[in-house]
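Trainee: need coordinates for the below:
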Amino acid sequence: MDGNDGNTGNGEIVDVKLVLRSTRVVTPEGMRAAAVAVADGAIAAVLPYDAGVPAGARLEDVGDDVVLPGLVDTHVHVNDPGRTEWEGFWTATRAAAAGGITTLLDMPLNSLPPTTTVENLRVKQDVARPKAHIDVGFWGGALPDNVKDLRPLHDAGVFGFKCFLSPSGVDEFPQLDQEQLAASLAEIAGFGGLMIVHAEDPHHLDAAPRKSSAKYADFLASRPRDAENTAIANLVEQARRLDARVHVLHLSSSDALPLIAEARREGVRVTVETCPHFLTLTAEEVPDGATEFKCCPPIREAANQDALWAGLADGTIDCVVSDHSPCTAELKTPDFSTAWGGISSLQLGLPAIWTEARRRGHTLDDVARWMSTAPAALAGLERKGAIEAGRDADFAVLAPDRTFTVDPARLHHRNRVTAYAGRTLYGVVTSTWLRGVRIADRGRPSPELSTAFEQGEPPSPNGLLLERNK
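Mentor: Numbering: from 1, shown residues only. Below is the predicted model:
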């Protein structure tokens, strides 16, 4: 028997423990009625809807709810250890599971220590291991003084390296200047790695008007599009010169899309992501003093948002990930110049994107590609991102026509601050499955997990720690 597909060679599927059936399953060939057979935590086969259930297997029929591949979120700040009052692996992965996310990659900063050496990576892994309700991997960090640490981190299993081109907001993670960026890129290109980049140019930021203010317009003026555009242009030029593979994080300026598209046509290895808040929230609707909407780069105007959607539609933007960057409520001061910049959306990204995508004529096949298939491909997660034989049996089950109003009290991340409070969204996550095990039920942790947590006796979570190429 092939251990990947559960097939004996004569067409018989063996060792199947679960069959998940729906009239709407999102597969690489498109949405169709199907029965997904699961054996040993993997997808054994995608069968016709009316296929017989193998002996000994449990049938879960979800009716007309849509079965999507579990979402892959490659941009999450868990902050654990060191700033666990902001977030932690237990709460972050619980929120992710409730939102249909089955895999996340943790960013290397905002935790103490940052993930910039192998020793620090091991600290992070030891903290995460007993708390992960979903699968978790790690990005490394590229700093001005740690070029020597990049290859050892790569060999230790990080999925790539994050750098900032402007101040990160925390002293322990300084930005790279252009010379330092070139040195790090040359090292990373030498072993075939990936650099992921917060691309805002510090000179443009320094020249922009800044003042203490509760007005969103003042904050928006302090993070101009030119800062992103220039930083991305410089990054593309460095990648072209060094034949390096680079990824632009959290794109908010649509002005950069033609440059990125042209670079790709020329063979530059550049990919790009954007985030739910840039695709669903607009500058015009942000109330003054509402710093739950603050992030860097910022939420921009509606016309800019339209252009980002066009970039998604034509494939210039590869994927949509959360950039979940939480903090305590006290750090969200009413002054945009001093409030912590970050939007918490782990649990809400899928319905937020689906609400806007359906309005614009996109399908759940598109959403699955942006939020599961493409992020998995970015990170090289070959067992994630699609419902097909041999992949992990990770699923998000969605009732796409049901609506709900966002109540912060029902969110599972540690500090229940959200820019989506009070919004009515389409798409209720009815269950989430990790390697064939239901880990969330109707947007909440599974009943067994909830009961144990409330009694102060958390069970061993089901998540695994992932390493590159394993």
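
Trainee: now the spatially closest residue to Asp243 that is not a sequence neighbour: how far from Thr116?
Mentor: Using C-beta to C-beta, 6 or more residues apart in numbering and skipping residues adjacent in sequence, the residue nearest Asp243 is Ala189, 6.0 Å away. C-beta here means a position set from N, CA and C on the backbone, and glycine is covered the same way. Ala189 sits at a distance of 19 Å from Thr116 (criterion: C-beta to C-beta, to the nearest Å).

Trainee: which one of those two is surrounded by more residues?
Mentor: Thr116 (23 against 19; other C-beta atoms under 10 Å).

Trainee: identify all contacting residues around stretch 278-289.
Mentor: Contacts with stretch 278-289, where a contact means C-beta atoms under 8 Å, 6 or more residues apart in numbering, come from 214-217, 220, 250-252, 293, 298-302, 305, 308-309, 312, 320, 334, 352-353, 355-356, 419.

Trainee: just the mean pLDDT for that stretch, thanks.
Mentor: The average pLDDT within stretch 278-289 is 97.

Trainee: ditto for stretch 348-355
Mentor: 98.

Trainee: CA atoms of it as CSV?
Mentor: Included here for stretch 348-355 are C-alpha records, laid out as CSV according to Å, rounded to 0.1, in the frame of the first residue of the first chain:
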residue,chain,number,x,y,z
LEU,A,348,-12.1,36.7,11.2
GLY,A,349,-10.0,36.7,8.1
LEU,A,350,-12.0,34.1,6.2
PRO,A,351,-15.4,35.6,6.7
ALA,A,352,-14.1,39.2,6.2
ILE,A,353,-12.5,38.2,2.8
TRP,A,354,-15.5,36.1,1.7
THR,A,355,-17.9,38.9,2.5
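
Trainee: can you tell me the SS state at the residue nearest to the spatial centre of the chain?
Mentor: Centroid-nearest residue in the chain, with C-alpha atoms, centre = their mean: Asp73, separated by 2.1 Å. When classified by DSSP: H, G, I helix; E, B strand; the rest coil, Asp73 comes out as strand.

Trainee: now it: how far from Pro400?
Mentor: On the measure of C-beta to C-beta, Asp73 and Pro400 end up 20 Å apart.

Trainee: before we move on, what about Arg391?
Mentor: Arg391 sits 22 Å away from Pro400, going by C-beta to C-beta.

Trainee: Pro276 too?
Mentor: In this view, Pro276 and Pro400 are 16 Å apart by C-beta to C-beta.

Trainee: of those two, who's got more company?
Mentor: Higher neighbour count among Pro276 and Pro400: Pro276, with 25 against 20, using other C-beta under 10 Å.

Trainee: quick one on the thing from earlier: so who does the residue nearest to Asp243 touch?
Mentor: Applying C-beta under 8 Å, 6+ apart, the residues contacting Ala189 are Leu242, Asp243, Ala244, Arg245.

Trainee: out of the residues you listed, who's the most crowded?
Mentor: Ala244 (25 neighbours).

Trainee: ok now do the nearest residue to Thr117 once chain neighbours are set aside, which residues does it touch?
Mentor: Spatially, and ignoring its direct neighbours in sequence, Thr117 is nearest to Asp149 (5.0 Å; C-beta to C-beta, 6+ apart). In this structure, Asp149 makes contact with Thr116, Thr117, Val118, Gly140, judged by C-beta under 8 Å, 6+ apart.

Trainee: what's the answer for Ala261, then?
Mentor: Asp314, Thr316.

Trainee: where does it fall, secondary structure wise?
Mentor: helix 257-265 (DSSP states H and E).

Trainee: which outside residues touch the very next helix or strand once past that helix?
Mentor: The C-terminal neighbour of helix 257-265 among helices and strands, as given by DSSP H and E, is strand 270-274. Applying C-beta under 8 Å, 6+ apart, the contact partners of strand 270-274 are 74-75, 235-236, 239, 246-252, 260, 263-264, 308, 311-312, 316-321, 375, 378.

Trainee: and the helices in the stretch 251-400 of the chain?
Mentor: Taking DSSP state H, counting those that start in this stretch to define them, one finds helices in the stretch 251-400 of the chain at 257-265, 276-280, 302-313, 349-359, 364-368, 374-379.

Trainee: how about a markdown table for the ones you listed, with distance to Gly193 added?
Mentor: Shown next, in a markdown table, are the helices of the stretch 251-400 of the chain (distance: least, C-beta to C-beta, whole Å):
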| stretch | distance to Gly193 |
| --- | --- |
| helix 257-265 | 19 |
| helix 276-280 | 27 |
| helix 302-313 | 26 |
| helix 349-359 | 27 |
| helix 364-368 | 27 |
| helix 374-379 | 12 |
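
Trainee: of all these, which lies closest to Ala396?
Mentor: With C-beta to C-beta, the closest approach to Ala396 among those belongs to helix 349-359: 6.8 Å.

Trainee: only the buried residues of that closest one, if you could.
Mentor: For helix 349-359, burial by neighbour count (16 or more other C-beta atoms under 10 Å) applies to Gly349, Leu350, Pro351, Ala352, Ile353, Trp354, Thr355, Glu356, Ala357, Arg358.

Trainee: so the closest residue to the last one other than its chain neighbours versus Asn110, what's the distance?
Mentor: With C-beta to C-beta, 6+ apart as the criterion, Arg358 has its nearest non-adjacent residue at 6.2 Å, and that residue is Tyr426. Going from Tyr426 to Asn110 by C-beta to C-beta gives 31 Å.

Trainee: higher neighbour count, those two?
Mentor: Higher neighbour count among Tyr426 and Asn110: Asn110, with 25 against 19, using other C-beta under 10 Å.

Trainee: where does the more buried one land in three-state SS?
Mentor: Put simply, Asn110 is coil when judged by three-state DSSP.

Trainee: got the contact list for it?
Mentor: His77, Asn79, Gly82, Arg83, Trp86, Val170, Ser325.

Trainee: farthest pair within these?
Mentor: That would be Gly82 and Ser325, which, of the contacts of Asn110, are the farthest apart (C-beta to C-beta) at 14.7 Å.

Trainee: when the two are compared, which one has more neighbours?
Mentor: Each of Gly82 and Ser325 has its neighbours counted (other C-beta under 10 Å); Ser325 has more, 24 against 16.

Trainee: in contact with Thr230, which residues?
Mentor: So Thr230 contacts Asp201, His203, His204 (C-beta under 8 Å, 6+ apart).

Trainee: let me fix that: Ala186
Mentor: Leu242, Ala244.

Trainee: and the pLDDT at it?
Mentor: 98.

Trainee: now do the SS call for it.
Mentor: Quick answer, by three-state DSSP: Ala186 is helix.

Trainee: and what of Arg83?
Mentor: Arg83 ends up coil, using three-state DSSP.

Trainee: chain neighbours aside, what residue packs nearest to it?
Mentor: Leaving out its chain neighbours, the residue that sits closest to Arg83 by C-beta to C-beta, 6+ apart is Asn110, at 5.8 Å.

Trainee: again, but for Asp394
Mentor: Excluding the flanking residues, the one nearest Asp394 by C-beta to C-beta, 6+ apart is Gly70, at 3.1 Å.

Trainee: dump the residue contacts of that neighbour.
Mentor: 100-103, 372, 384, 392, 394-396, 432-434.

Trainee: let's see that with 6 Å instead.
Mentor: Taking C-beta atoms under 6 Å, 6 or more residues apart in numbering, we find Gly70 in contact with Thr102, Asp394, Phe395, Ala396.
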